[in-house]
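**Student:** starting from these lines, generate the structure:
(one chain, ligands or ions: 2)
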Amino acid sequence: MSDLHVRAKALDAEDELALKRREFVLDDTVYLDGNSLGALPAHVPDRVADVITRQWGRLRIRSWDESGWWTAPERVGDRIAPLVGAAPGQIVVGDSTSVNVFKALVAAVRLARGDGGGGEADAGRDEIIVDATTFPTDGYIAQSAARLTGCRLTPLTPAEVPAALSPRTAAVLLNHADYRTGRLHDLPGLTAAVHAAGALAVWDLCHTAGALPVGLDEHGVDLAVGCTYKYLNGGPGSPAYIYVREELQDRFDSPLPGWNSHAEPFGMRPEFEAAEGALRGRVGTPDILSMLALEAALDVWDGVSVDAVRAKSLALTDFFLRCVEAYVPQGLVESLTPAAHAERGSQVALRCEGAGDVMKRLIERGVVGDFRAPDVLRFGFTPLYVSFVDAERAARVLAEILEP
Ligand SMILES: Cc1ncc(COP(=O)(O)O)c(C=O)c1O
Ligand SMILES: Nc1c(O)cccc1C(=O)C[C@H](N)C(=O)O
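**Tutor:** Ligands and ions are numbered 1, 2, ... in the order given. Below is the predicted model of the structure:
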């Protein structure tokens, strides 16, 4: 048994989150793809079965009230809120991340221009800045949002953003962590810079919510979106969420006003009148089955502190990098993930020749990560269920595959 394997066992023995793993359905594979699809919490199937057989099957239409279906978007939003540092009443769940990026970005431009009333009119703001390294969907949506609002679109790396901000910038769309490299961006500093230029900051939290503290309220973030199927373990295609800072809610002018964001949805009135508060982020009928599966999945967070999750995430990624360095012959892989903790999310990305084929072989050997073109091996570390022994085994199998 190697020294690192012994060390891994000792680290697992000290791990205050170690018992959480039992709450998930896992087998003896090393699952390092929770940054794409989180594992299934073991109690979710029974809860979903109840939603289907009793709430839908027996109560039918009565469930909109009696089973709390109608208010699920804001109720589940309030369950996510503490995980991203938000007070209640600012998050609603529904739609995909892509759709929420659209709502948030167009609304941010309208807010920056004072279009929603009550704000200072500043029609001269005609630029959207977007993270040039973003997950593609955010870039596509930003292009469309720019066309619709008559803005020019400026793609920049997050580091280039502060120097490029100007009185013409309306909104900036950024990722808290880069999906490819795992680099964590400076949310407090960039948000402050965007505000100093009089613009609004929209953050995509897909790769950080549930993995590390976000501090939306503390850092004055204007609008944020995120998915729930990664570190929040909501299940494939589980609905995303949108955060609208409380102070902005009465001026938040959604580009997708639907009957679910109407002040009186059952008034069936032809004129749109926006609901109060975060409800303005709703659009149409919520996807109840997925949403209630997510609600059940969020139970695993009871009694868990996000700070403890962050501490374990950093310890896991540090340990994995140490094992890779010890086991993999020099020069065969290169870490794209920053060594500095302040710049690291919860994944390790290794550049490697033939990465697609290497990942196939890793998966065959029971180590599940993913491949991102053209040459990146991604390993996501979900602190609620990944162990130090997993990290050591993943590095060892990688070395065995790469060994000439
Ligand atoms: C940063 C980021 N934004 C958005 C998405 C996806 O958006 P959607 O939930 O609409 O598929 C992903 C991953 O799928 C992502 O990594
Ligand atoms: N959302 C996904 C899907 O529907 C299928 C496969 C993968 C995904 C992902 O989430 C990919 C992920 N956002 C990434 O960072 O690459």
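**Student:** relative to the whole chain's centre, how far out is stretch 151-165?
**Tutor:** Put simply, stretch 151-165 sits 22 Å off its chain's centre (C-alpha atoms, centre = their mean, to the nearest Å).
**Student:** show me what counts as buried in that stretch.
**Tutor:** 151, 153, 154, 155, 156, 158, 161, 162, 165 (16 or more other C-beta atoms under 10 Å). Yep, even glycine has a C-beta here, placed from its N, CA and C like the rest.
**Student:** skipping adjacent residues, who's closest to the second one in space?
**Tutor:** It refers to residue 153. Nearest non-adjacent residue to residue 153, counting by C-beta to C-beta, 6 or more residues apart in numbering: residue 146, 4.0 Å away.
**Student:** next one: the last one
**Tutor:** The shortest distance from residue 165 to any non-neighbouring residue, by C-beta to C-beta, 6+ apart, is to residue 197 (3.7 Å).
**Student:** could you say which helix or strand contains residue 371?
**Tutor:** Taking DSSP states H and E as the criterion, residue 371 maps to strand 370-372.
**Student:** helices or strands up against that strand?
**Tutor:** Helices and strands touching strand 370-372, by 3 or more C-beta pairs under 8 Å, 6 or more residues apart in numbering; DSSP states H and E, are helix 355-364, strand 376-380.
**Student:** helices or strands up against the host helix or strand of the residue nearest to residue 153?
**Tutor:** For residue 146, the element it lies in under DSSP H and E is helix 136-149. Contacts defined by 3+ C-beta pairs under 8 Å, 6+ apart place helix 136-149 against helix 97-112, strand 127-131, strand 152-156, strand 169-175.
**Student:** for ligand 2, give me its nearest residue in the stretch 251-400 of the chain.
**Tutor:** Nearest residue of the stretch 251-400 of the chain to ligand 2: residue 372, at 6.2 Å (C-beta to the nearest ligand atom).
**Student:** for residue 269, grab the count of nearby residues.
**Tutor:** When neighbours are counted by other C-beta atoms under 10 Å, residue 269 registers 12.
**Student:** spit out the contact partners of it.
**Tutor:** Residues in contact with residue 269, defined by C-beta atoms under 8 Å, 6 or more residues apart in numbering, are residue 262.
**Student:** that one belongs to a strand?
**Tutor:** No: looking at residue 269 with DSSP: H, G, I helix; E, B strand; the rest coil, it is coil, so not inside a strand.
**Student:** the chain: helices as residue ranges?
**Tutor:** Along the chain, counting by DSSP state H, helices occupy 3-14, 44-50, 63-66, 72-80, 97-112, 136-149, 161-164, 187-196, 288-297, 306-327, 355-364, 388-402.
**Student:** deepest of those, which one?
**Tutor:** Comparing the helices of the chain by mean neighbour count (mean count of other C-beta atoms under 10 Å), helix 97-112 comes out on top with a mean of 25.
**Student:** that one to strand 169-175, inter-axis angle?
**Tutor:** Angle, helix 97-112 to strand 169-175, by axes from the mean of the first three to the mean of the last three C-alpha atoms, to 10 degrees: 150 degrees.
**Student:** how close does the residue of the stretch 51-200 of the chain found nearest ligand 2 get to residue 97?
**Tutor:** Nearest residue of the stretch 51-200 of the chain to ligand 2 (C-beta to the nearest ligand atom) works out as residue 179 at 3.6 Å. Residue 179 is 11 Å from residue 97, where distance means C-beta to C-beta, to the nearest Å.
**Student:** shared neighbours, those two?
**Tutor:** With contacts defined as C-beta under 8 Å, 6+ apart, the residues shared by residue 179 and residue 97 are residue 206.
**Student:** least trustworthy helix or strand in this structure by mean pLDDT?
**Tutor:** Least confident helix or strand of the chain, by mean pLDDT, DSSP states H and E, is strand 370-372 with a mean of 95.
**Student:** neighbours around the residue in the stretch 301-404 of the chain that ligand 1 sits nearest to, how many?
**Tutor:** Nearest residue of the stretch 301-404 of the chain to ligand 1 (C-beta to the nearest ligand atom) works out as residue 372 at 10.3 Å. For residue 372, the neighbour count with other C-beta under 10 Å is 17.
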